Each structure stands twice: as structure tokens, then as C-alpha cells.
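> Mind looking at a prediction? Sequence and model below.
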Amino acid sequence: MMDIELTLNGTARRLSCAPGDSLMTVLRRQGCLSVRYGSATGETGAAAVLVDGRLVPADVLLAPQAAGHEVTTVESLDLATGELHPIQAAFVESGALQSGYSAGAMILAAKALLDRVPDPSEWQVREAFSGILDRETGYVKVVDAVRRAAALLRGEQPEPMEPFVVERIGDAEPGPAPVAPAAVPRLVPSPDVPQTAVVGRPTHKVDAVRLVKGHAAFVDDVEPRGMLYAKVLRSPHAHARIVSIDDSEARALAGVHAVVHAFNTKRVKYASGGQSWPNPRPWDQVSFDEKVRHVGDRVAAVAAETPELAERACGLITVAYEALPAVFDEREAILPGAPVIHDEPDTEGIHDASRNLSHHITGQTVPDDRLDAAFAEADHVFEGTFHVQQQHHCPIEPHVTMGWLDEDERLVLRSSTQVPFHVRRMVAPLLGLPIKRIRVVKPRIGGGFGGKQEMLLEDIVGHLVLASRRPVRLELTREEEFVSSRIRHAQTLTFRTAVDTEGRLRAQDLRVIGNTGPYATHGFTVQSVTGQRGLSQYNCPAKRYTADVVYTNRPVAGAFRGYGAPQALFALESHLDDIARGLGMDPVELRRKNWVRTGDPLDILPALGERGATESAPEAMPRVTSCATDECVAQATRAIGWGRRDDAAWRRPPDRPGIRRGLGFALCMQATAIPNLDMGGASIKLNDDGSFNLLVGATDLGTGADTVLAQIAAEVLGVGADDVIVYAADTDLTPFDVGAYADSTTFISGMAVKRASETVRDRIVLRAARLLGLESATEVDLRERKAWAPDGRSVSLEEVALHSLHVEDQEQIMATASHVSDESPPPFAAQTAEVEVDVETGQVTVTKLVMAVDCGVAINPTTASGQVEGAMVQALGYGLTEELVLDEAGRAVNPQFGPYWIFRSDDTPPTEVYLVQTMEPSGPFGAKSVGEIAIDGVAPAVRNAILDATGVGINELPLTPERVWRALHP
């Protein structure tokens, strides 16, 4: 150890460290929790701090290198008055935070910039933030926050973050698009939506203050005494049997407390996908197996007193492998003679292990003979095959879990998970514990996007805690996150469509081969959703879906935002553009003849298990209950300038002879929760001062779910959202909730909150009527934190609470409610894209993206538009740059940021978001989902824009320069 002297947040400090300690490690020891791990090589920017006023990655800088310098973290901005610093206040006001994992780094980047440039341009802001990867924000509101902070620091008062109201176009001539600040949600209101006080307003996120101040919020922001650190030994082979494991040297190493692997751990079969009970079969995994099936698969795990010691111990474990042939392409894995990936005798439920088929899925709306006749009689038949790649979620917070035995020797797991209740249920049999002896706590999550809808680390940590009887922490490295967590399913999709001469669809046949990797977690459900989404958003009298879910030796595929829809809609919307081109029709007009509208049946859904049945009576057929597709299309096409497709000078700028410009369109449709399956609970109680405690099992991934649920409760109870204190996702304390997936939180958990709040409201108004001397509680109205009589008299909620708790007929006013729905109202969206294609290099530059979304009533327009902005940037990566590439041995060649390119603040195009209101009768205050649909349309819209620009359709993602160049120069 050595001592260093530096100035930390204005105070001279003498700190001890090892020569190899990073500055991040030392700062976190000092309680500077805003400095967070994203990788060990600095490219995420999550650990950025100011050193002598310059932004520096503290995870790369060694602590001794900071000796003699001034180091500043966000904790320095806490003012003695308790007020937020203007930069922090601006980030709160703008809604610039999604998960907020990198909030400290972003605020420091803003400070460094504003200290140099008091009034920065948008480009200067984007350039200053280029080293901080936070694509979940879409960067739009980050730019707004910095410029808002600049105004505050200059003594100006910027405009509040209010939605910009845009008139509905309807059947009128569109006219020019409205001009508004990029970060402001463009709200297209509906006359069907009633006035509300809190719902529909841009309320600040309920956890924003703790995030901008860098307070403890995430899994790794606490550290129990006696913590051990875990590392996992992973397979270097894509496919091999483990002949033997010798762990004697590792166990003999001083400071090593536990080593677990296949030969000392009970073999219990499970499926790791975080889904409702019972998890879909096959259960084809065990905690540690005697066979490895991809590079990065688990072999053993070690718990030791330091991370370095655990890493060293892993290197001392001797493993004898019998290497086996591997297969990586889903199309090759089902061919005769392909290596069999699951040849073990104890896995049940595999459709055909000899052909590597975990599942075979079929569904259709008419018998085969009617479908075949429709194709035979059609005026035109079009066919296209499309391939989509594995994309990684790229949360800046890697998967991390810590566990310990509490004072009653119950296992506590503090984990970055989207599905805490599912994790508790699933991990219990693997550890040989009853559920009642396990508690799962979900703190703040630093990005999930479906990747944390999995029981991924919790069983390893549980095994090590039970073996060592000490607290254990396991966090994935960035490379492990890429190859050993979960990833989007690659698919090969073939659409065959029959149309008449007027462009009406007469029959559709979709065939999918889905690549689930070596384990079928989410394999059945993702590919089922692909069929649902690929065959739902257009009316067609005859439809058929067939899917094979195929085992390969690629990294394991799982849940990912959109959950099968991005794959389906890339193929469908590209196919529709090809059909329009073949028929000589405008691609929007072709779709207009066919898209579903309010009242139309969604006839493929029952056949693919959407309602848990293979058949539905006509009266039970799911139907569209609210839809504003026409308005979404009108707004999105106007905003992109759809008429420029006919402007030859714009399409081929004379001063740039190698450039071709084009516009692309895609229609999107998603779902809202899983009907008759997703369930959420809520509990709410009134406090002495008229505030409320709200307990929910729902999981906020940075989406603003806690805020939305607080707004729903506040609307019912006549208070502000800041009067509702939210506690979420602790399996001991909060009600059950399926977790954050299927876009269910606002719709399902929100309705549970609404119901519980309505029961509490009923108790409050009864008590208030007594205090006001009224004969009937129906005369009482709750608003402005008071209960009002018709004559203008009122009592405060504080008076009501004190009377109920202390004075007469004492009671705790509280209620619990649950909600499950038999509806799954789809949101709809129109996506447009403007591109420039360099025909000499194949480079595609997206110059503008517009999305208009019908999400019902946006409970919080700021957080809803932020979801759309972030999803469009994530989808842009799916379309243009992101693909996990393997070499011939199955090793990832790009498992780090940089080689795996996600869009940064300085290369993200301008975006516009329109929120088109409808009143959804089954949702809380008219709400539908918004988080997933926004990732569906960018890739096909960009592909179709390239087609418009060059006349060449490219059917494989991502649309890299090489792939585009080869298509342009066959």
C-alpha cells in the first residue's frame, strides 16, 4: 500500500491505495458513489470525473496518477442550502435521465463545458458528451439540459418543460410541420381524453434528485461487511465435454473461500428466462454442467477476498475438455449431420434434439387448402427472405448481484434484475431452499432492455454464499456482458404474400428460423411474438406462421426490447416496400389499404398463444380497441417532408455527385402486456401529514415507471406526485408483480395502483364527510391536498389522517389491489427516416428520424418521449452498426465498445417525437404502452430509405458500408 495526497471536492486529503488501484476504486471507497463502473477501459464514460477541471475516465486513471491534482465528483455540487446546483436542476427539469447510471459523469461533463463555454451550441454539447455512452436517453434531452443549465447560470429563466401541442391533421391538407425545440414532446391531443390534474403532465421523476446527486441507488452502492468477490471460469470452447475438474490448487490459495462447479453442485434442471410460472420448457440448463455449449459458458465459480484473488484462483483450476464440433448458423444447425447440442438424457420438452429444434411453432387463420388457393388465385405473389443479427442490450451497468445471509440466516439477493419475484421462485430449487428463506431486492437498475429479464447470476451467488457463509458479490466484466449474458435472437425470415391488382393483401405466409443459441430461454415466446407481430398489423383473410427455434453454439439469446417484433417488422415492412415498388404504388398508400383500424380482429393472436388458447370463439376474438394509425402516419410523413421523394434535385444534390438521398417509412404495432397472465399488485397508505406510501412490485428500469405510478395514485387522491413516496420491488415487502417486461408496467401495475388508490380515496372521503358534517361522501371532492365540500369548505388530508389515526374510530387508511387484464391493446406508430447514401463507399448517414406514436394517454409526456428517443437510437444501432461477430471457433471478435459500435451523442441524427392521443378504455386513464414499440420501426424505415435513394433493397442487418457497397456493386 501507498499514500497519496490530492484535493478531493475542495478538501485536501491523504488517501491509501495500492499502486494498481484505479482512481475510481479509491473514490468509491471514499463514498463518491456517483463514480460508477461501466468497463475497465474507460470507453463508457460512467466513471468520468474532473481532474484539474478536465473530464477524465477514473476507471482508467491510476489513483497514484491523481496525486497532487484536484479531483471533483458530483458530490461536490451539494449546496449548503440543500438546493440543487443549476446543472442538476436542469437535468431534472429536462427529463434527461433514463436509468441515471451515468448521471454523475454527464453532469460533470456539463460543468466542464460550461466553465469553458457559457453559451454552447448543440454541436459543442454533443461533442463534449461524446465520451459518455448513454444512448438510452437518445441524447436529445441531455442537450436540452445543458443548454437549460447554461441559461440558469447566466441568470436567465428558461421555459418550463411543457408539451408542444400540435393540432390533429385528420383529413385536412398537412401544411408545414410545426417548429418546436427537439427535446419537447409534440402532443397531438384527442377530444376523447378528459382533463386531468397530474396525469398527462410532465412531472419530474420521483428519483431524479437522488440520481443527479449521485446518492446510493444501484446494486453496487452498498457493501456488507466481510464481502467476498466472485469470478467465473468460462469455457474457451464453443462445444465440449468436461472430462474432469481439478480445483485443489484454487482451494489451497489463501483467501479463497469457495469453489463451485459441476462436480460438487447438485444437478437441477431449469430454464433461466424470467417468465411467469411455470417457465416454458424445455428446462435445458443446470447451474454448472458437464458440457459447455458456447464460448463463455459457465465452468466454475470462485469466491475470494479480492477480485484479483478470485481471478487468480480461476486460473489455477485445471479443466480437461473433450472438444466437440460446433455450429453457429441456424440454417446449418438443422441440416443432417449437424452437431447435436443437447444430447443429455435428462432434458424434457425439446421438440427434436437430434435436429437441434427446441420448438416448432405453427399457427394459421385458415386451413392449408384455403391458404394455398388464395396464393394460386392471386393476381401477384411476392416473396422475400431476410436475415437479422444478434444485437446486444449494452446496459452501461453490467449484470451485478450480491448476496448474504441475514440475521435469521435467510438468503438476501440484491440484484440488478427486471423480475425479482420470478428470480426468487426460480432460484429456490437450484439452491435447495424454500422460497420463504429467500429475499430478492431490486434497487435502481442501470439499464435493462430485457437483458435483465433473466436469472443469470443469482444462482451462482447463492451457491457461493451458502458454501462460504459470507456475503458475495459478482459483477460481469464488459466482455462477459457481451458473450455470457443474453442477446437478441438472430432470425432468418421468409415472407410470401399474395396481393390483388389494387394492392390488397389476400394471403400471407411467414416462415422463421430463430437462433436461440445453446439454451432455449425465451426461445418459444420470442418466436411466437415474431409471428404475432409479423401477421397482425395488416388485414389479410388468410395467414399462416411456421417457426423453428434452433439450438446453436452462439451466445445465448433471450429477451430484448421489442421481444421478437423488431425482427418481424424489419422483414414485414421491408417486404411491403418491395411489394409497393413491384406494383408501382406509393408505399404508404399500399399500407393504408391494409392496416388494421379500431374494431378489426387480430385473428392470428389466439393461434399463437396470445390468450393462452389455440382457438377463440368469434365473440372472444381480440380486436383493436383504440387506434390512431391514420393520424400517426399524417404527422410522421409531414414532419419528414414525404413529398420530397419526387424532387429530383433534392434526391441527387448537384454539388455532391456521389450522394443519393431517400425517405423511408415503416408502420409499427406492438402489444401492451400479456393478457390473462401478467399481474401486478399495489399497496398504498395514508400518512399523518397527508402524504402516501405506495408499495409496488413493479420494476423501474429507468423508464420512469415509479413516477408514472406515483402520478396515477396522485391523480386519484388529489395530491401532487411528490406526495406519493414509492417503494418498489422487494419480495419481502412489496406486493407481487411479474416484473418489467412486455410493456406491462403502466397498463397492469398502473391499474393496480389506480384501484388501490380508489379504495383509499373512498375511505378518505367518508372520514372527510364526517369532519365536514356532510350527509353523503359523494359530496366530497379531493384536490389540492384537501377534501372539499360543495359549499367551498375543506379539510386537509393531514387533518383527515390525524383524525383517523388518533381521534375517533381509529384506523389506518390503506388498501391493496391487484390487476390482470384480458385485453392487450396494441399501440401503433409511424416511423420515417431520411438518409444519405454515398454510392462510392456504401456509407449510410441517417439525417433525420421521426416517430409518431399512439400510446393512448401518455401519463408523463416527458418520460414517454424520452423512451421513444432512446429506443430510436438503440434501433439505429440495430439497423446500421451493431452485430456481435464470431470467428470460426465461436469466439467474439468485438466484445467491447468501439469495435461493437453504439451511437454516441456526436453521431446521433436529429429526432422528433409525436405522441398521438387515443383513449384506451382498458388502460389506466386511457394509457397503452410506449417503451417497446419505439424500437421497431427504425431499421426497416432506414432500409426502405436506402431503397428509395438507390433502387436497391438490402435484406440483411446491419446495413454496414460494406454490405451496402456490395449490394450497389454486385
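Thanks, I have the structure now. Owing to the predicted nature of the structure, the values given are computational and were not obtained by experimental measurement.
> In a strand, Leu849, correct?
Yes: secondary structure of Leu849 (DSSP: H, G, I helix; E, B strand; the rest coil): part of a strand.
> let's have the chain start at 51 instead
Will do, 51 is the new start, and the previous item becomes Leu899.
> number of nearby residues for the closest residue to it other than its chain neighbours?
Leaving aside its chain neighbours, Leu899 sits nearest to Thr961 (4.7 Å; criterion: C-beta to C-beta, 6 or more residues apart in numbering). Where C-beta positions appear, they are placed from N, C-alpha and C, glycine not excepted. Thr961 has 23 neighbours, counted by other C-beta atoms under 10 Å.
> contacting residues around Thr961?
Gly188, Val190, Ala232, Lys898, Leu899, Val900, Met901, Glu919, Met922, Val923 (C-beta atoms under 8 Å, 6 or more residues apart in numbering).
> where's the fifth one relative to Leu930, distance?
It refers to Leu899. 12 Å (C-beta to C-beta, to the nearest Å).
> what about the longest helix that the chain contains, average pLDDT?
For the chain, the helix with the greatest residue count under DSSP state H is helix 800-822. Averaging pLDDT along helix 800-822 yields 96.
> Give me the next element, helix or strand, following it.
strand 831-833 (DSSP states H and E).
> what lines up beside the next helix or strand after that next one in the sheet?
The element immediately downstream of strand 831-833 (helix or strand, assigned by DSSP H and E) is strand 836-838. Strand 836-838 has the following strand partners under DSSP bridges: strand 831-833 (antiparallel), strand 844-846 (antiparallel).
> just to revisit the earlier point, how about the longest helix of the chain: buried residues?
By 16 or more other C-beta atoms under 10 Å, the buried positions in helix 800-822 come out as 800-807, 809-811, 813-815, 817-822.
> on that earlier part again, just the strands paired with strand 836-838: most buried one?
Of all these, strand 844-846 carries the top mean neighbour count, a mean of 18, counting by mean count of other C-beta atoms under 10 Å.
> List every C-alpha atom in the next helix or strand after it, with coordinates, as CSV.
Remark: after strand 844-846, the chain's next helix or strand is helix 847-852, criterion DSSP H and E. Extracted C-alpha coordinates of helix 847-852, given in CSV (Å, rounded to 0.1, in the frame of the first residue of the first chain):
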residue,chain,number,x,y,z
LEU,A,847,-55.6,15.4,4.1
GLU,A,848,-53.4,15.9,7.1
GLU,A,849,-56.5,16.6,9.3
VAL,A,850,-58.2,13.5,7.9
ALA,A,851,-55.1,11.4,8.6
LEU,A,852,-54.7,12.6,12.2
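> tell me what helix 847-852 is packed against?
strand 729-736, helix 800-822, strand 836-838 (3 or more C-beta pairs under 8 Å, 6 or more residues apart in numbering; DSSP states H and E).
> quick one: buried residues of it?
Leu847, Glu848, Glu849, Val850, Ala851.
> Now do the same contact list for the second one.
Shown in contact with Glu848 (C-beta under 8 Å, 6+ apart): Asp738, Asp739, Gly740, Arg835.
> tell me which of the buried residues of helix 847-852 is nearest to Leu560?
Leu847 (54.8 Å; C-beta to C-beta).
> What distance do you get for Met452 to Leu463?
8 Å.
> My error: substitute Met156 in the last question.
Distance, Met156 to Leu463, using C-beta to C-beta: 30 Å.
> Between the two, tell me which one has more neighbours.
More crowded of Met156 and Leu463, by other C-beta under 10 Å: Met156, with 30 against 26.
> isn't that one right next to Ser144, touching?
No: checked against C-beta atoms under 8 Å, the pair Met156 and Ser144 is beyond contact range at 11.2 Å.
> residues shared between the contacts of those two?
Each of Val192 lies in contact with both Met156 and Ser144 under the rule C-beta under 8 Å, 6+ apart.
> Which residues belonging to stretch 997-1013 are considered buried?
Buried-residue list, stretch 997-1013, by 16+ other C-beta under 10 Å: Leu997, Asp998, Ala999, Thr1000, Gly1003, Ile1004, Asn1005, Glu1006, Leu1007, Pro1008, Leu1009, Thr1010.
> how about the fifth one, what does it touch?
With contacts defined as C-beta under 8 Å, 6+ apart, the neighbours of Gly1003 are Ser624, Asp627, Asp628, Arg631, Arg993, Ile996, Leu997.
> Using CSV, lay out the helices and strands packed on helix 847-852 together with distance to Ser326.
Output for those, formatted as CSV (distance: least, C-beta to C-beta, whole Å):
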stretch, distance to Ser326
strand 729-736, 8
helix 800-822, 16
strand 836-838, 40
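> between these, which gets nearest to Tyr791?
strand 729-736 (11.8 Å).
> Which strands or helices does the helix or strand following that closest one pack on?
Note on strand 729-736: by DSSP H and E, the next helix or strand toward the C-terminus is strand 742-746. Applying 3+ C-beta pairs under 8 Å, 6+ apart, we find strand 742-746 packed against strand 729-736, helix 755-767, strand 774-778, helix 800-822.
> could you give me the average pLDDT of strand 742-746?
On average, strand 742-746 scores 97.
> Show me what counts as buried in it.
In strand 742-746, counting by 16+ other C-beta under 10 Å, buried: Phe742, Leu744, Leu745, Val746.
> same thing with stretch 379-391?
For stretch 379-391, using 16+ other C-beta under 10 Å, the buried residues are Asp379, Glu380, Ala383, Ile384, Ala388, Pro389, Val390, Ile391.
> and those, which of them are in helices?
Counted as lying in helices by DSSP H, out of the buried residues of stretch 379-391, are Glu380, Ala383.
> In JSON lines: the buried residues of stretch 379-391, plus distance to Asp418.
Below are those laid out as JSON lines (distance: C-beta to C-beta, whole Å):
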{"residue": "Asp379", "distance to Asp418": "29"}
{"residue": "Glu380", "distance to Asp418": "25"}
{"residue": "Ala383", "distance to Asp418": "27"}
{"residue": "Ile384", "distance to Asp418": "22"}
{"residue": "Ala388", "distance to Asp418": "28"}
{"residue": "Pro389", "distance to Asp418": "33"}
{"residue": "Val390", "distance to Asp418": "31"}
{"residue": "Ile391", "distance to Asp418": "31"}
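> Now find how far off-centre stretch 456-470 is within its chain.
23 Å (C-alpha atoms, centre = their mean, to the nearest Å).
> Just the CA trace of it, in CSV.
C-alpha atoms of stretch 456-470 as CSV (Å, rounded to 0.1, in the frame of the first residue of the first chain):
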residue,chain,number,x,y,z
ASP,A,456,-29.3,-12.1,7.2
GLU,A,457,-29.7,-12.3,10.9
ASP,A,458,-32.2,-15.2,10.5
GLU,A,459,-29.9,-17.0,8.0
ARG,A,460,-32.3,-16.2,5.2
LEU,A,461,-30.6,-15.6,1.8
VAL,A,462,-30.8,-12.0,0.6
LEU,A,463,-30.1,-11.3,-3.0
ARG,A,464,-29.6,-7.7,-4.0
SER,A,465,-29.7,-7.9,-7.8
SER,A,466,-29.9,-5.8,-11.0
THR,A,467,-33.0,-7.7,-12.2
GLN,A,468,-36.2,-6.9,-14.0
VAL,A,469,-38.0,-9.8,-12.5
PRO,A,470,-37.3,-10.1,-8.7
